[in-house]
Structures are given as structure tokens and as C-alpha cells.
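# with the input below, show me the fold.
(2 chains)
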Amino acid sequence: MLQVTFIRENKELVIERLEKRSIDATKMINDVIDFDEDRRRIQAELDNTLAESNTLSKEIGDLYKSGQAQKANLLKEKSGKLKEASKELSESLNAKTEALNQLLYKIPNIPNELVPSGNSELDNEEIFKAGDIPVLHENAQPHWELAKKYDIIDFELGNKITGAGFPVYKGKGARLQRALIAYFLDKNTAAGYTEYQLPHLVNEASGFGTGQLPDKEGQMYHVTEDNLYLIPTAEVPGTNIFRDVVLSESELPIGITGYTPCFRREAGSYGAHVRGLNRLHQFDKVEILRVEHPKRSHEALDEMVNHVKSILDELKLPYRILRLCAGDLGFTSTLTYDFEVFSTAQDRWLEISSVSNFETFQANRLKLRFKNSEGKNELAHTLNGSSLALPRVLAGILENYQTKEGIVIPEALQPYTGFNIID
RNA sequence: GGAGAAAUGGCAGAGCGGUCGAAUGCGGCAGUCUUGAAAACUGUUGAGGGUCACACCUCCGGGGGUUCGAAUCCCUCUUUCUCCGCCA
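Numbers count the residues shown, from 1 in each chain, chains lettered A, B, ... in the order given. Here you go, the predicted structure:
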């Protein structure tokens, strides 16, 4: 959520940047400013009424003490009127604040100046590409065929146990998953991230804190009995560690990594491009997450991008990095880099990581602040990224490393799998 | 799941319905002393809003109520602790 004071002080900039997202920002922003003015006016009125009422109460107390009950009773009437007035004022203040908030919840983050304009993924800017696309043998297959051939992932079984989108990994497939998780976590902790194991269900306040609620409710599985949500990403429990927290400046920067399964309803996505591991209801992901000083959050974003790069380089997978255009940029993000691995057998790119800087957008909702050098509380910046999402990395490995003899395990992973080929 | 107790400032811990934004201790910060440090002593030290700055307003787990007036009384929710039961 954007800060009202920032909107007030940078109205033109905010409108201009938001319009890159092809939304009509002028009215929204004007409304915010109007509502905020109203809100502050009512607040001031209420404050004055309360102040009057407070002094009156003191006077009444004094009168009682000095035995002047009659005079006191007279003042009580006046006090009653003030009370009514303050009740009305506080009701209209609440209504106004609520209206303002509802408005603010609907306004996405302001795209960074680097964000290219554009409406669809076609306008994303490719900024980097690495790794050779292998020349596969004649009978090369997509990963879902390979999974079946080597009996390492069973989609039908998952279908039986739960439903579509809940695959069962077995044998070397299961081991490869575990190896990837361990490998990613090791890379991340070596880079300075502290490993966490986080809850897989979150409450409403947490869903709100990272921006999934109230709008993207339909994307999460909801356990209505206990009013909890299955996490769609470790970002939710991970970032909410810092909800309502005031850090000292010396605690920054903070880096966290964690493995969690992720649950997504993916309502409405069907068709060929969701085949196999391409899009699932449950998948595994290792996440990295940072809390940064506003002055160096963009430097931190670059560091995260380089970190993810180093992992993909080591795995020797063909990948590219995209700078997302305004139209493709997530609601809460100000700048996002997507990593895509090339799926050779499908002849298409698969998103395997998304690294974003949210600046103060989440922090404002979370009330995540640090005490700056002037002793004032200041919103911190939050960032996160996947390192990495497992299924598509797995798809990438299966397809790009397939040989007539079997699936060769990337060298960096072999210490973790304990085998070097799936055959 | 059953029974009981509790929730106060960074922490610990007081708090007759008005003089309580809140005693006291610890911690933090500044100073005195010291070559320096420690100890001791002195002062200072919650958060948010508002203002050029004051004033002023709000906050004692959350929400609601009683009262002219609530940290203090009532209702309710949540959380924590103790005991019992169940259990990976």
C-alpha cells in the first residue's frame, strides 16, 4: 500500500508512473487526496472536541471534590453533548478512514523508472541470456513423457489421491527433489541468508500484510474451519516475520531463506501449457527474502539477481532474465526480474524465479520499520525472490539433460543425489 | 478437549475510578570521576497523529459497554502459563 503522505507530496509523479500500468490513476489519486484531507479535517475536529471534553471532566472532578455537586451536575449536561458530538465525529472518521483504505488497497505499487512500458509479456525486456540450448537426440521427449518413462513422477497417482496438479514424486524423482531443495538452501545460506522453517498456513493478518488479501483471495486455499490460508509462497509467512516490528538500523540488512511447499488454486488455468510440471496446485519452492535500508534496496535487488544467476550457471541450464514491463509487473512490486529456463523439448521458456523489490509497499501494510539515524521510525524496504521454484527447474533438467542413456544429473547436484544418471 | 491464572513501556514489575503516559529496578543514552575502562554518582529515556514550533489528541493484548471521567468496573474475543485428558 502506498503511503498517503508520499502521494500527497508527489502527486504528479505517482500518477505518471501508475499510468504506465495502463490504469486511470488521475481519479484514484485525486480521490485519495480528497479523502485524506477530509479525514484529517475530521480528525482535527474530533481532537478538539475530545480536548474540550477532557478539560470538562477534570473540572467536574474538581467541583465534586470541593463539594459543589450542583455546579458539577450542570457541567455534566454539557459533557453529554460533547460526548454525542465526539461519537458522531469518530464514526465519520472511521468511515472516512475505511473508505480511504479501501481506495489505497486497490492502488498498485509505483513502477520503477527502469520498468519498460507495455501491456503484456511480449513487452518484457530481455536483459540477459546464458547457457547453451542443447541439441537433443532425435527421440527427445517433453518432461512429462520422461517422467513416465523413468517412473519418477506419477501424475495419475496424484490425481487419484488428491486431484489434478498434485503430482507424486517417486524413487530417483523424489530424491532429486530433495537434492534440489538441499542444494538451493546450501547456496543461499552460503550467500548469507539465514535458513528458516516456516508455517505452511497463515492467518488473515498475514495474508493481508503481504498483499494476498483482500483482493487475491481466490488464489489461496482457505481452511474455513480455522480461518487459515495455505501459503501460496514462503513470501507470506517469511515477510510476516516482520509484521509490526521496529528494527534498529544496525540489524539491517536481513536475509532469510526457506523451503516450503506452495499451494495455489490457479482457478481458471487449463490447457496444454499447464501440462506436466508447468503449472501445479502444489509445488516446492526455496525462497530468499530481504529486509533492506531504503538507500540500498536496489543494490540488494541486483545482488539477488546475481545470486540466482550463479545457481543457474552452476546447474548449466539455458536461461534468460527479463525485466518485467509495467503491464506484467505484480501488484505489489516496483521492479521485477523474471528468470526463465528454456524447455528444449517444449520449445518454450518457463518461469523459474521472480525477484522483486517492493520498496515500502509491503512494509507500509506490515508496519515494518527501522529506527533511522535521526531516531525516527522509517519504513524499511522488502524484497524477495525464488531460488528456485522446483518443478520447472526439474522440467528443465529432465528435458535439457536427457540422453539416449538416460537423464544425466548436473555435476553440482550429484553430491546431493548420490547418483549421476536416471535410467 | 476440561479446570484455573494471567496479559501494563526494550525487559522485569507496581498501579484506591479523577492528581497515571503510568512507581520502582534493569537495560539504553549523555555527563562527572578515570590515562582508558569498570564501579559509583547525576541527568535523560515509550509509540503514533498533529503543529513552523508549541498546544492538543490517541495508545496499558483486540473489540464493545458502564461513567462527567477507566490501566483500574462489566461483557466478549485472542494469546500465554499451570493442572488434567489425548497425541506425532
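
# helix or strand for the spatially closest residue to A:Y193 that is not a sequence neighbour, which one?
Distances taken as C-beta to C-beta, 6 or more residues apart in numbering place A:T257 nearest to A:Y193, at 3.8 Å, with adjacent residues excluded. All C-beta atoms are positioned from the backbone trio N, CA, C, and that covers glycine. Element membership for A:T257 (DSSP states H and E) is strand A:254-263.

# next SSE downstream of that strand?
Once the chain leaves strand A:254-263, the next helix or strand it forms, by DSSP H and E, is strand A:282-292.

# quick one: contacts of the helix or strand that comes right after that following strand?
In the C-terminal direction, the helix or strand that comes right after strand A:282-292 (DSSP H and E) is helix A:297-315. Helix A:297-315 is contacted from outside by A:112, A:128, A:130-131, A:184, A:187-188, A:191, A:253, A:288, A:290, A:292, A:319, A:321, A:335, A:337, A:339, A:341, A:353, A:355-357, A:359, A:381, A:383, A:385-388, A:393, A:397, A:410, A:412-413, using C-beta atoms under 8 Å, 6 or more residues apart in numbering.

# ok, and the closest non-adjacent residue to the residue of the stretch 201-350 of chain A found nearest RNA strand B?
Of all residues in the stretch 201-350 of chain A, A:V246 sits closest to RNA strand B, with a separation of 7.1 Å (C-beta to the nearest atom of the strand). Of all residues not flanking A:V246 in the chain, A:R369 sits nearest, at 4.9 Å (C-beta to C-beta, 6+ apart).

# hmm, that neighbour is touching A:K376, no?
No - using C-beta atoms under 8 Å, A:R369 is not in contact with A:K376; the gap is 9.1 Å.

# look at these two and report which has more neighbours.
Set side by side, A:R369 and A:K376 show more neighbours around A:R369, with 19 against 9, by other C-beta atoms under 10 Å.

# for RNA strand B, see how far away the more buried one is.
Per C-beta to the nearest atom of the strand, to the nearest Å, A:R369 is found 7 Å from RNA strand B.

# report the contact partners of that residue.
Going by C-beta under 8 Å, 6+ apart, A:R369 touches A:245-247, A:363, A:377-380.

# which residues does it bridge with?
Beta bridges link A:R369 to A:V246, A:L379, judged by DSSP bridges.

# check the contacts of A:R369 for burial and list the buried ones.
When neighbours are counted using 16 or more other C-beta atoms under 10 Å, the contacts of A:R369 contain these buried positions: A:245, A:247, A:363, A:378-380.

# those residues: which two are farthest apart?
Spatial extent of those (C-beta to C-beta) is set by the pair A:V245 and A:E378 at 12.9 Å.

# what about A:G255, how many residues close to it?
There are 20 residues near A:G255, going by other C-beta under 10 Å.

# residue of the stretch 251-400 of chain A nearest RNA strand B, please.
Closest point on the stretch 251-400 of chain A to RNA strand B, by C-beta to the nearest atom of the strand, is A:N377, at 3.2 Å.

# wait, a strand at A:G61?
No - secondary structure assignment (DSSP: H, G, I helix; E, B strand; the rest coil) places A:G61 in helix, not in a strand.

# how close does it sit to A:K71?
12 Å (C-beta to C-beta, to the nearest Å).

# these two: which is more packed in?
Between A:G61 and A:K71, counted using other C-beta under 10 Å, the more crowded position is A:K71 (15 against 11).

# which ones are touching the nearest residue to that one once chain neighbours are set aside?
Distance criterion C-beta to C-beta, 6+ apart; nearest residue to A:K71, sequence neighbours excluded, is A:L63 at 5.1 Å. Shown in contact with A:L63 (C-beta under 8 Å, 6+ apart): A:69, A:71-72, A:75.

# report the buried members of those residues.
The buried subset of the contacts of A:L63 - by 16+ other C-beta under 10 Å - is A:A72.

# quick one on the thing from earlier: list the contacts of the residue nearest to A:Y193.
A:T257 sits next to A:185, A:188-189, A:193-196, A:286-289, A:387 when contact means C-beta under 8 Å, 6+ apart.

# just these now: which is nearest A:A44?
Of all these, A:L289 has the smallest distance to A:A44: 39.7 Å, by C-beta to C-beta.

# tell me the residues of the stretch 201-350 of chain A that contact RNA strand B?
Within the stretch 201-350 of chain A, no position lies close to RNA strand B (C-beta under 7 Å from any atom of the strand).

# can you list the low-confidence ranges for the stretch 201-350 of chain A?
Residue ranges of the stretch 201-350 of chain A with pLDDT under 70: A:267-274.

# what number of residues lie near the residue lying closest to A:K11 once chain neighbours are set aside?
Spatial nearest neighbour of A:K11, excluding adjacent residues (C-beta to C-beta, 6+ apart): A:I29 at 6.1 Å. The tally of other residues near A:I29 (other C-beta under 10 Å) stands at 21.

# and A:I29, how far is that from A:Y105?
Using C-beta to C-beta, A:I29 is found at 14 Å from A:Y105.

# same question for A:K170.
43 Å.

# ok, A:D24 next?
17 Å.

# who's more crowded, those two?
For the pair A:D24 and A:Y105, the greater number of neighbours falls to A:Y105 (15 against 10), based on other C-beta under 10 Å.

# quick revisit: surely the residue nearest to A:K11 meets A:L18?
Yes - counting by C-beta under 8 Å, A:I29 touches A:L18, with 7.4 Å between them.

# which neighbours do those two have in common?
Common neighbours of A:I29 and A:L18, using C-beta under 8 Å, 6+ apart, are A:I107.

# what strand or helix carries the residue nearest to A:K11?
According to DSSP H and E, A:I29 maps onto helix A:25-65.

# mean confidence for that helix?
Mean pLDDT, helix A:25-65: 88.

# does RNA strand B sit close to it?
Yes - on the criterion C-beta under 7 Å from any atom of the strand, helix A:25-65 is in touch with RNA strand B at A:40, A:43-44, A:46-48, A:50-51, A:53-58, A:60-61, A:64.

# just name the closest of the contacts of A:L63 to A:M220, please.
The closest of the contacts of A:L63, once distances to A:M220 are taken by C-beta to C-beta, is A:L75, at 54.6 Å.

# so is that closest one in a helix, a strand, or just coil?
Each residue gets one of three states, and A:L75 gets helix by three-state DSSP.

# hmm, it is touching A:E59, no?
Yes - using C-beta under 8 Å, A:L75 is in contact with A:E59, at 6.1 Å.

# quick check: buried residues in the helix or strand containing A:K81?
For A:K81, the element it lies in under DSSP H and E is helix A:69-105. Neighbour-count burial for helix A:69-105 flags A:72, A:79, A:82, A:85-86, A:89, A:93, A:96-97, A:100, A:103-104 (criterion: 16+ other C-beta under 10 Å).
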